[in-house]
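# Using only what follows, build the 3D model:
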Amino acid sequence: MNVRTWVCLASSTLAMVGLAQTAAAQAPLERNLLGIPQVSIEDTPVPADRPGFGDNATLVPQGHYVAEGGYRFDDNQSGGDTHTVPDILLRTGINPNLELRLGFAGYVVNAPGRDGAGDMSIGAKVRVVDEGRYTPMLSVIPEVSLPTGDNAVASAKASPNLRFAWGKSLTETFDLSGNLNFSEVIDDNGDYNLETAASLSGGFSLTTRLSSYVEYYGIFPNGDQSRTGRDTHAINGGLAFLATPKTQFDVYAGSGLNDVASNVFAGVGIAHLW
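Okay, here's the model as predicted:
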């Protein structure tokens, strides 16, 4: 072959490779059961909202799902133990900036005699700002707790709440995150009262599969505290382990910092991305 033939052959080969890459790039994405195109999640960590008090600012990737839930034990200040299971949250990514959420507070077993199914909730998580060099990621979570549970442990009315979740990576192995929450809770008289809450959490990456966190949170009822209750302060911490790239197990424990919160609480859980 002469030089001209080699040049023509090389040009044709490069053109074919280019066309193949373009076709692959333009190939339609697979769709989930809701008909939403699925983005690649090959290198995506599990964006679980558990196990801490605060929610994560990250969203479920478009077209995919996260199911998370677990068991919680509380040693109550007033005496007796409370067991809650399975405390389920189902999430699905609608687009890069929106996920839908469906929750169930779980079945509550209380030693003094109050037990039953908790309420269900429906909501969304909306990405407001991506993480920048000096700024955190910020997401907003509007949600409504529905009065679907048993009267002994559930609310008598729908309870709306709005949560602001933020997160910022400070180093390759350490990040800060937190929540600022506003809820309309129902008091014993059936009246709505505004309740605020805040949390601050430090996360530590111990290995590629094991991470830990330490968190403080406070819950602050507004108005007449003789009717709405007193402030709650607590700390907790735990570990999260990636058993597989898309399945995370967690364990946590905490303690109240005043005589309103539980003496001790602890739990285990799982979150799966698919």
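
# secondary structure class for L100?
Under DSSP: H, G, I helix; E, B strand; the rest coil, L100 falls in the strand class.

# Tally up the residues packed near it, please.
15 (other C-beta atoms under 10 Å). Every C-beta, even on glycine, is put in place using the N, C-alpha and C of the backbone.

# so who does it touch?
L100 makes contact with R91, T92, I94, G123, A124, according to C-beta atoms under 8 Å, 6 or more residues apart in numbering.

# ranges for the helices of the protein?
Along the chain, counting by DSSP state H, helices occupy 3-26, 225-228.

# weakest of those in terms of mean pLDDT?
Note on the helices of the chain: lowest mean pLDDT is at helix 3-26, with a mean of 36.

# who's the nearest residue to V264 once chain neighbours are set aside bridged to?
Among residues not flanking V264 along the chain, D75 sits closest, at 4.5 Å (C-beta to C-beta, 6 or more residues apart in numbering). When bridges are called by DSSP bridges, D75 pairs up with D81, V264.

# contacting residues for D55?
Contacts of D55 (C-beta under 8 Å, 6+ apart): D49, K125, S139, I141, R163, A165, N179.

# Now, these that are in strands?
If you go by DSSP state E, the contacts of D55 have K125, S139, I141, R163, A165, N179 in strands.

# Now for I219, how many residues are close by?
21.

# Please report how far it lies from T232.
Using C-beta to C-beta, to the nearest Å, we find I219 at a distance of 4 Å from T232.

# Could you do A48 as well?
Applying C-beta to C-beta to A48 and T232 gives a distance of 24 Å.

# out of those two, which sits in the more crowded spot?
A48 (24 against 19).

# T84 is in contact with G106, correct?
Yes. Counting by C-beta atoms under 8 Å, T84 is a contact partner of G106 at 4.6 Å.

# Which residues are in contact with each of those two?
R72, G118.

# For the nearest residue to N32 once chain neighbours are set aside, give me the backbone phi and psi.
Once flanking residues are discounted, N32 sits nearest to G63: 4.9 Å by C-beta to C-beta, 6+ apart. G63 adopts backbone torsions of phi 80, psi 0, taken as degrees, to the nearest 10.

# gap between G63 and V128?
Here the criterion is C-beta to C-beta. By it, G63 lies 21 Å from V128.

# of the two, who's got more company?
G63 (22 against 13).
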